[in-house]
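coords please:
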Amino acid sequence: MAAPPSPARPAARPAAPLPTMADIMAVSRAQGLDVRLRTVGPFFRVTAAARGEGEGDAVELGRAEGAVRPWPGGAVLHLDSMRMTRATLGVADRPLFGLGMFLGAVAVRHGYDAGCARAELLAINDTPLYHDKLVRFYTRMGFKPVHEVDGSSITDLAHMLVWGGRGTRMDADIEELLFKWRKRFRSQV
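As a prediction, this is how the structure comes out:
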């Protein structure tokens, strides 16, 4: 008798191609963004810039950083930070969380290509209003809360050292994220 499927991996998922890195980059270019992935060993940085008219005219709008960490049971995509610059305020008709979707998609696809099955992040709790927005955003994107890091227990100390603050620890299955986002990033060719 076979073991029941784990909740992280649904038993039946329609066969549909996951978006490739080329698909995500093509959609970002179609939106007027220059998105780049840079890696050094296990560390990565994804940057997004508004494409300018000439060479060197691009203005950085945001970046995401993290690492691919070895872990028992398989590598984990550790999403350390995502920041938008003030330049995003001057971009017409581009929602702030739309840019975050492009940064996150490149980071998640990088993790998938590196053999990661799971992505993890901390929705930082700098202010209650901003924290609630972050948790809602990441939940819509496909992440699930796994632990409230509030400093009230000894296990929180490890989380606070790794993440640099308090907030909501969230995890997601990388293949499920890419499957969920497939229509947004399908090839434009």
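
low-confidence ranges in this protein?
1-15, 52-57, 88-97, 187-189 (pLDDT under 70).

Longest helix in it, by number of residues?
helix 96-113 (DSSP state H).

Tell me which stretches of this structure form strands.
33-40, 43-50, 59-69, 76-84, 118-124, 144-149, 167-173 (DSSP state E).

Just put those strands in JSON lines and tack on mean neighbour count and distance to Val27.
(Glycine included, C-beta is placed from N, CA and C.) Converted to JSON lines, the strands of the chain look like this (neighbours: other C-beta atoms under 10 Å; distance: least, C-beta to C-beta, whole Å):
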{"stretch": "strand 33-40", "mean neighbour count": "16", "distance to Val27": "9"}
{"stretch": "strand 43-50", "mean neighbour count": "20", "distance to Val27": "12"}
{"stretch": "strand 59-69", "mean neighbour count": "19", "distance to Val27": "16"}
{"stretch": "strand 76-84", "mean neighbour count": "19", "distance to Val27": "18"}
{"stretch": "strand 118-124", "mean neighbour count": "22", "distance to Val27": "20"}
{"stretch": "strand 144-149", "mean neighbour count": "15", "distance to Val27": "25"}
{"stretch": "strand 167-173", "mean neighbour count": "21", "distance to Val27": "20"}
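
Please render those strands as a markdown table that adds distance to His159 to the earlier fields.
Shown next, in a markdown table, are those (distance: least, C-beta to C-beta, whole Å):
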| stretch | distance to His159 |
| --- | --- |
| strand 33-40 | 25 |
| strand 43-50 | 20 |
| strand 59-69 | 14 |
| strand 76-84 | 12 |
| strand 118-124 | 7 |
| strand 144-149 | 4 |
| strand 167-173 | 6 |
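
Relative to Ala16, which of those strands is closest?
strand 167-173 (15.6 Å; C-beta to C-beta).

Give me the sheet partners of that closest one and which way each runs.
If you go by DSSP bridges, strand 167-173 pairs up with strand 118-124 (antiparallel), strand 144-149 (antiparallel).

Need those strands in a markdown table (columns: distance to Pro70).
As requested, the strands paired with strand 167-173 are exported to a markdown table (distance: least, C-beta to C-beta, whole Å):
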| stretch | distance to Pro70 |
| --- | --- |
| strand 118-124 | 12 |
| strand 144-149 | 20 |
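
And these: which comes nearest Gly74?
Of the strands paired with strand 167-173, nearest to Gly74 by C-beta to C-beta is strand 118-124, at 7.4 Å.

Indicate which one of the strands paired with strand 167-173 is closest to Phe137.
Smallest distance to Phe137 across the strands paired with strand 167-173 (C-beta to C-beta): 8.1 Å, for strand 118-124.

and that closest one with strand 59-69, angle?
For strand 118-124 against strand 59-69, the angle by axes from the mean of the first three to the mean of the last three C-alpha atoms, to 10 degrees is 120 degrees.

The closest residue to Glu148 other than its chain neighbours bridge partners, please.
Of all residues not flanking Glu148 in the chain, Thr168 sits nearest, at 5.8 Å (C-beta to C-beta, 6 or more residues apart in numbering). On the basis of DSSP bridges, Thr168 is bridged to Ala123, Glu148.
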